[in-house]
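Q: Have a look; sequence and predicted model below, questions after that.
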Amino acid sequence: MIVNKCEIRVRYAETDQMQFVWHGNYLQYFEIGRTELLRETGFSYKECEEKGFHLPLIESHLEYKTPGRYDEVLVIETCIEKLPTAKMIIHYTITEKDSERLVVKGYTTHCFMRKDSKVVRAPEFFINLMKPFFT
């Protein structure tokens with residue numbers, strides 16, 4: 001299993017009139033968590049694309065528990081529970097840093113796709129980067 005935690009401070013532009021995080025922004029927060037988790041393994045989206053692969057999002061699920069608010073520091077915990085094969089499921093939990101209040105939890109599912117838009121199994125270079133975290 002791979003787990004990463006990172007923090008983000010809620011900016012005013014990310015909130016609605018009530019100063020709650022606008023619901024669509026949580027997917028951006030998930031992306032921040034996902035990018036940091038994968039970077040920790042040595043994976044780079046840029047290098048992946050240079051090798052001819054993409055990781056499109058094919059499913060997302062979010063459960064809103066309590067609102068994130070303007071100027072709060074949120075902790076994004078990101079986790080991959082099992083070694084990806086044909087697709088990769090990434091789990092997220094977002095909490096408010098000081099109170100540890102659960103704000104949102106959810107997951108995203110990604111497939112591996114070549115630049116010619118053909119869906120494929122996880123490429124060998126990706127599996128080799130991930131294996132040490134699952135043994």
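A: On my side now, so go ahead. Residues are numbered from 1 along each chain as shown.
Q: check contacts around the closest residue to residue 101 other than its chain neighbours.
A: Leaving aside its sequence neighbours, residue 101 sits nearest to residue 66 (Cβ to Cβ, 6 or more residues apart in numbering; 5.6 Å). (Each C-beta comes from the backbone N, C-alpha and C, glycine too.) Contacts of residue 66 were listed using Cβ atoms under 8 Å, 6 or more residues apart in numbering, and they are 96, 101-103.
Q: Report the secondary structure state of residue 66.
A: coil (DSSP: H, G, I helix; E, B strand; the rest coil).
Q: could you measure it against residue 78, distance?
A: Look at residue 66 and residue 78: by Cβ to Cβ, to the nearest Å, they are 19 Å apart.
Q: residue nearest the centroid of this structure?
A: Central residue of the chain (Cα atoms, centre = their mean): residue 34, 2.8 Å from the mean position.
Q: tell me what whichever helix or strand it is part of is packed against?
A: Assessed by DSSP states H and E, residue 34 sits inside helix 25-40. Using 3 or more Cβ pairs under 8 Å, 6 or more residues apart in numbering; DSSP states H and E as the contact criterion, the elements in contact with helix 25-40 are strand 2-9, strand 57-64, strand 73-80, strand 87-96, strand 102-114.
Q: now with 7 Å?
A: For helix 25-40, the packing partners by 3 or more Cβ pairs under 7 Å, 6 or more residues apart in numbering; DSSP states H and E come out as strand 2-9, strand 73-80, strand 87-96.
Q: In a markdown table, list those along with distance to residue 111, mean neighbour count and mean pLDDT.
A: Listed next are those as a markdown table, based on distance: least, Cβ to Cβ, whole Å; neighbours: other Cβ atoms under 10 Å; pLDDT from 0 to 100:
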| stretch | distance to residue 111 | mean neighbour count | mean pLDDT |
| --- | --- | --- | --- |
| strand 2-9 | 18 | 15 | 97 |
| strand 73-80 | 14 | 20 | 98 |
| strand 87-96 | 5 | 20 | 97 |
